[in-house]
Each structure stands twice: as C-alpha cells, then as structure tokens.
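Q: what follows is a predicted structure for the sequence shown.
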Amino acid sequence: MPSIMRKRPNSAMHAALLTRQMWRETDSCLKNAPFHLDLWGSFTVQNWLLDVGRPVVMIFCPMEWLPLNKPTAGDYLHMLYIITTPFLLLKLIERSPKTLPRSAVYLCIITFVMGASIHLVGDSINHRLLLSGYQLHLSVRENPIMRNIKPQTLIDSFDLLHFYDESLGHCMWCVPLFLILFLYFTGCFTIVKEERMMPFSAWLLLGPSTLYYWYLVTEGQIFIPFIFTFFAMMATVVHQKRKGLILDSNGLFLLYSFAVSLVLVTIWVACLWNDKVLQKKYPGVMYIPEPWALYTLHLRDKHRTFTD
C-alpha cells in the first residue's frame with residue numbers, strides 16, 4: 001500500500017510535467033514571429049562584406065598598402081567576421097519562439113569560432129601564396145612554385161596547412177553554422193496561417209542570401225553537410241505538417257535560401273563538368289569546383305594583363 005501511494009504522486013507529477021511541456025510547445029506555436037529583417041539583413045551584409053569580400057580585397061588591394069609579412073585588409077575582415085557571426089547567431093537564437101538546447105548552441109558557437117580561427121591562419125597564408133603564383137586549380141605538390149622548394153620535406157608542411165585550411169577548418173566552421181541554423185529552423189513553425197507568407201523585404205534578401213550559400217558550399221567544399229541540413233529541414237517540415245503546423249516567414253526564408261542554393265550548385269557543376277583540369281583536382285562523384293580555382297585557371301592572367 002505505501003508503495004502504491006508513492007507511485008501515485010510520482011505519476012501525477014510526471015503528468016503535470018508533460019502537460020506543462022505540451023502547453024509550452026503550443027504556446028510557442030501561437031507566438032507571433034515577424035520576419036527578422038534586421039538580423040537577416042545584417043547577416044547577409046556581413047557575409048558578403050567580410051567573407052566573400054575578404055579574398056577580393058586581398059587580391060585587388062595594392063601590396064604597398066599592407067606588406068605580406070603583416071596582417072592584410074583581408075585578414076582584418078576575417079577577424080571581424082569571427083566576431084560578428086557568433087553574435088548574430090546568438091541574437092537569432094534569442095528570437096526563436098521555441099526554447100532551444102543552450103548546451104548544443106554554446107558548443108556549436110565555440111566550435112565555430114575555433115574552426116573559423118583555424119581557417120583564418122590557413123587562408124591568410126594561402127592567399128599570400130596566391131599572390132606569389134600559387135595555382136588553386138592544382139594540388140599542393142603539382143604547383144610549379146612548390147617544385148623548387150628545398151628541402152622537399154617542406155612540402156609536407158604545406159600539405160598539412162592545406163588540410164587545416166580546406167578540410168578541418170571548413171568542417172569545424174560550417175558544420176556548427178548549419179547546425180545552429182537548423183536548430184533555429186525547428187522553432188519556425190506556427191498554426192497561424194497568416195504567417196506563412198514572406199514579406200517583400202524577405203524576397204529582396206533571398207537573392208543575396210542564396211548566392212552566399214552557393215559560394216559557401218562551392219568555395220568551402222561542404223556540400224555533404226549542406227545537403228544533410230537541407231534534407232533535415234525537409235524532414236522536419238513533413239513531420240510538423242502532420243501535427244498541423246506550418247513554417248513562418250523566417251523558416252520559409254531559410255528553407256528557400258537552401259533550396260535555391262542547391263539549384264545554383266547543380267547548375268555550377270553542370271557548366272564546369274567537362275573541364276579536364278578541374279576534374280583532375282576534384283575527382284569522383286563530389287565534383288564541385290571552387291570559384292577561386294576557376295579564377296586562377298582562366299581569369300588571373302587576364303586580370304594581370306588588364307592591370308599591367
């Protein structure tokens with residue numbers, strides 16, 4: 001008898017907790033979540049200026065302004081990107097109608113900062129090599145400037161640098177970024193049908209946002225994390241639709257950005273499919289050439305001729 005009396009309060013407490021949790025989920029779905037124009041706009045602008053614009057500044061900025069043995073303008077833009085991006089992601093998470101797991105968010109932010117910092121060092125040296133004649137469409141050992149390096153064991157150091165920059169750095173940078181965006185996406189569902197339509201400002205931001213994700217996937221060689229995130233978004237939409245929930249304007253903006261980016265990546269690969277030189281560097285099924293590899297292969301000599 002005493003054991004039965006003990007179980008009843010526990011069962012009642014458990015039922016109360018479940019009821020409270022269900023009430024919170026329903027309440028989060030009823031909350032009005034307007035389109036976050038300030039955050040999405042800031043996120044898009046800083047991505048283009050600090051990430052896409054970084055290599056452009058390093059290539060076109062006169063070397064006399066910032067010597068190569070000192071941090072260049074592109075390095076300072078990269079440092080600023082590492083500061084502003086986690087701040088904007090945290091502000092985005094704060095506005096989520098759904099309470100997201102804080103431990104997962106903090107771990108993602110820490111990993112993102114570490115990966116972006118690793119990428120900062122590797123990318124800074126790679127762009128200095130680029131100004132010295134390094135060809136991004138070739139592997140490290142096939143580059144002409146590496147053939148005369150002595151001792152030859154130094155090439156192993158450049159191989160390690162390439163691994164930290166292109167593989168480890170990109171992975172630790174972009175996987176946490178996509179994971180945070182996906183966690184935010186899981187809270188972008190509502191039962192209010194009026195929230196399904198995106199405002200005009202969201203459609204204006206969709207183009208720059210889509211192009212940036214295309215650049216991030218192709219230049220960072222992170223198609224696998226990108227496509228897994230997109231599939232996870234689609235699966236979440238199907239799962240929530242069975243509950244009678246639909247995406248709000250923020251969720252639609254994020255989903256459309258990923259979807260159109262996937263189309264752009266497909267077009268990009270199709271246009272460069274017959275390039276034998278790029279196929280040699282990017283063999284196999286995951287043939288996604290980097291935009292800057294295309295620059296060193298076809299455009300750099302024309303740029304030098306124009307500037308000379």
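A: Now that the structure is in, tell me what you want to look at.
Q: dump the residue contacts of the closest residue in space to residue 247 that isn't next to it in sequence.
A: The shortest distance from residue 247 to any non-neighbouring residue, by Cβ to Cβ, 6 or more residues apart in numbering, is to residue 188 (5.7 Å). Where you see a C-beta, it was placed from the backbone N, CA and C, and this is true even at glycine. In this structure, residue 188 makes contact with 33, 96-97, 247-248, 250-251, 254, judged by Cβ atoms under 8 Å, 6 or more residues apart in numbering.
Q: can you say which of those residues are buried?
A: 33, 96-97, 247-248, 250-251, 254 (16 or more other Cβ atoms under 10 Å).
Q: most widely separated two among those residues?
A: Greatest spacing in these, by Cβ to Cβ: 97 and 254 (14.2 Å).
Q: give me the pLDDT for residue 284.
A: We have a pLDDT of 60 for residue 284.
Q: just the buried ones among the contacts of residue 188: which are in helices?
A: Counting by DSSP state H, the part of the buried ones among the contacts of residue 188 found in helices is 250-251, 254.
Q: between those residues, which is closest to residue 211?
A: Among those, and counting by Cβ to Cβ, the member closest to residue 211 is residue 254, at 15.1 Å.
Q: the closest residue to the closest one other than its chain neighbours: what's it in contact with?
A: Using Cβ to Cβ, 6+ apart and skipping residues adjacent in sequence, the residue nearest residue 254 is residue 185, 5.5 Å away. By Cβ under 8 Å, 6+ apart, the residues touching residue 185 are 233, 236, 251, 254-255.
Q: now distance to residue 216 and pLDDT too, for those residues, in JSON lines please.
A: Shown next, in JSON lines, are those (distance: Cβ to Cβ, whole Å; pLDDT from 0 to 100):
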{"residue": "233", "distance to residue 216": "16", "pLDDT": "97"}
{"residue": "236", "distance to residue 216": "21", "pLDDT": "96"}
{"residue": "251", "distance to residue 216": "20", "pLDDT": "93"}
{"residue": "254", "distance to residue 216": "14", "pLDDT": "96"}
{"residue": "255", "distance to residue 216": "16", "pLDDT": "96"}
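Q: and the residues you listed, which is closest to residue 78?
A: The closest of the contacts of residue 185 to residue 78 turns out to be residue 254 (Cβ to Cβ; 24.6 Å).
Q: for the closest one, give me its contacts.
A: 181, 184-185, 188, 233.
Q: ditto for residue 221
A: Contacts of residue 221 by Cβ under 8 Å, 6+ apart are 166, 170, 288, 290.
Q: give me that answer again for 10 Å
A: 166-167, 170-171, 174, 282, 286, 288-290 (Cβ atoms under 10 Å, 6 or more residues apart in numbering).
Q: what's the answer for residue 152, then?
A: Counting by Cβ under 10 Å, 6+ apart, the residues that residue 152 touches are 141, 146.
Q: torsion angles phi and psi at it?
A: Per-residue torsions, residue 152: phi -60, psi -20 (degrees, to the nearest 10).
Q: and it, how far from residue 60?
A: Separation of residue 152 from residue 60 (Cβ to Cβ, to the nearest Å) stands at 34 Å.
Q: where in the stretch 51-200 of the chain is pLDDT low?
A: For the stretch 51-200 of the chain, residues meeting the criterion pLDDT under 70 lie at 62-64, 66, 136-137, 192-196.
Q: again, only this time at 80
A: 55, 58-69, 123, 126-145, 147-150, 152-153, 166, 192-197 (pLDDT under 80).
Q: next, the spatially most central residue of the chain: secondary structure please.
A: Residue closest to the average C-alpha location in the chain (Cα atoms, centre = their mean): residue 174, at 4.5 Å. Using DSSP: H, G, I helix; E, B strand; the rest coil, the structure places residue 174 in helix.
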